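Q: Need a 3D model of the following:
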Amino acid sequence: MNHQLSVVRTGQLDYLEAWDLQKRMARARRADLIPNTVLLTEHPPTYTIGRRGSRSNLLIDQLALEQAGATCYEVDRGGDITFHGPGQLVVYLIIDLGRAERGLRRFVGNLEATVIETLDSYGVTGRPAEGKPGVWVNGKKIAAVGISVSRRVTYHGFALNVNPDLTYFDYMIPCGIPGSAATSIEREIGQPVDMNEVGDRIVERLAHHFDVEAIEGPTVDELSRELAMTDASLTP
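A: Next up, the predicted model:
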């Protein structure tokens, strides 16, 4: 089961629904009931604040947030504040890290390499920045990385700006770093990019870096039904 990566393409999914799904999947993965899995999704406009974050890094109040059609949640991933919305590819990974030394560091490095190589395939040069999480292009953030690990199994993952409305990033301090700005593949190359194509390229690079075979997994509805059959027997 560890030699395959199941790919689940959800389409646009409510953030809280996706978060709950990940936690249920992580429990099932710890019990070896499902394979290592990647979820490819998009969310309605949503700000999330990680364990190191502060709501003060959201620059608009609740009324303005509602007028922008967005929501905000405090969540259990690493990192500070980030934005998710249409046109951004969000990649959640339910992966058993095993017992390899420095497994978490290697895991995060694989995620960053996946993003950088995918960007390179579009002629965009992305780089990590010392002291700043994620992947950056000419000083502007193009991908956020934030994960959680529970009993060796990861959830959360990374978000890559493909064709999002970058206006939403003006309403926050990205990663809690004043003066930071956001960019996207569309902004960098001057034209929109097919989200499914980006997803395929992401999966190909993930499979390469984790040395696994990527296989098409169930639909999100099929996955939910499968998890419902196992939830009662699993501990949180």
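Q: low-scoring stretches of the protein, by residue?
A: 1-2, 99-102, 235-236 (pLDDT under 70).
Q: Grab the longest helix from it for me.
A: helix 103-120 (DSSP state H).
Q: Next SSE downstream of that helix?
A: strand 127-129 (DSSP states H and E).
Q: Quick check: beta-bridge partners of the residue nearest to W136 when sequence neighbours are not counted?
A: Distance criterion CB to CB, 6 or more residues apart in numbering; nearest residue to W136, sequence neighbours excluded, is A129 at 4.7 Å. Every C-beta, even on glycine, is put in place using the N, C-alpha and C of the backbone. A129 has these beta-bridge partners by DSSP bridges: K132.
Q: thinking again about what came up before, let me see the residues that make contact with the longest helix of the chain.
A: Under the contact criterion CB atoms under 8 Å, 6 or more residues apart in numbering, helix 103-120 has outside partners 93, 95, 97, 100, 125-128, 135, 137, 142-143, 145, 147, 149, 152, 154, 157-158, 160, 185, 198, 201-202, 205-206, 209-210.
Q: Narrow those residues to just the buried residues.
A: 93, 95, 97, 126, 128, 135, 137, 142-143, 145, 147, 149, 152, 154, 157-158, 160, 185, 198, 201-202, 205-206, 209-210 (16 or more other CB atoms under 10 Å).
Q: Mind checking which of the contacts of helix 103-120 are in helices?
A: Members of those lying in helices (criterion: DSSP H): I185, V198, R201, I202, R205, L206, H209, F210.
Q: The second one contacts L160, doesn't it?
A: Think V198. Yes. With contacts counted by CB atoms under 8 Å, V198 reaches L160, the gap being 7.0 Å.
Q: Kindly point out which residues are neighbours of both of the two.
A: Taking CB under 8 Å, 6+ apart as the criterion, V198 and L160 both touch L89, T118, I185.
Q: ok, G157 - contacts?
A: V38, L39, V90, V91, Y92, L93, L111, V145, G146, I147.
Q: and if you look at R187?
A: R187 makes contact with N161, L166, according to CB under 8 Å, 6+ apart.
Q: Tell me how far it lies from A129.
A: From R187 over to A129 the distance is 18 Å, taken as CB to CB, to the nearest Å.
Q: next one: R225
A: Distance from R225 to A129, by CB to CB: 42 Å.
Q: Looking at the two, which one has more neighbours?
A: Remark: of R225 and A129, A129 carries more neighbours, 14 against 11, as counted by other CB atoms under 10 Å.
Q: distance of that one from R51?
A: Distance of A129 to R51, given as CB to CB: 21 Å.
Q: Enumerate every residue touching L89.
A: With contacts defined as CB under 8 Å, 6+ apart, L89 is in contact with L40, T41, E42, A159, L160, V162, M195, V198, G199, I202.
Q: which one is it nearest to, not counting chain neighbours?
A: L160 (4.8 Å).
Q: Check I215 too.
A: Q4 (5.4 Å).
Q: Can you report how many residues neighbour F169?
A: With other CB under 10 Å as criterion, F169 counts 22.
Q: unless I'm mixing things up, it is touching T82, no?
A: No. With contact defined as CB under 8 Å, F169 and T82 do not form a contacting pair (9.1 Å).
Q: how about the strands in the chain?
A: With strands called from DSSP state E, the chain shows them at 4-12, 36-42, 46-49, 71-74, 81-84, 88-94, 127-129, 132-137, 140-150, 153-161, 181-182, 213-216.
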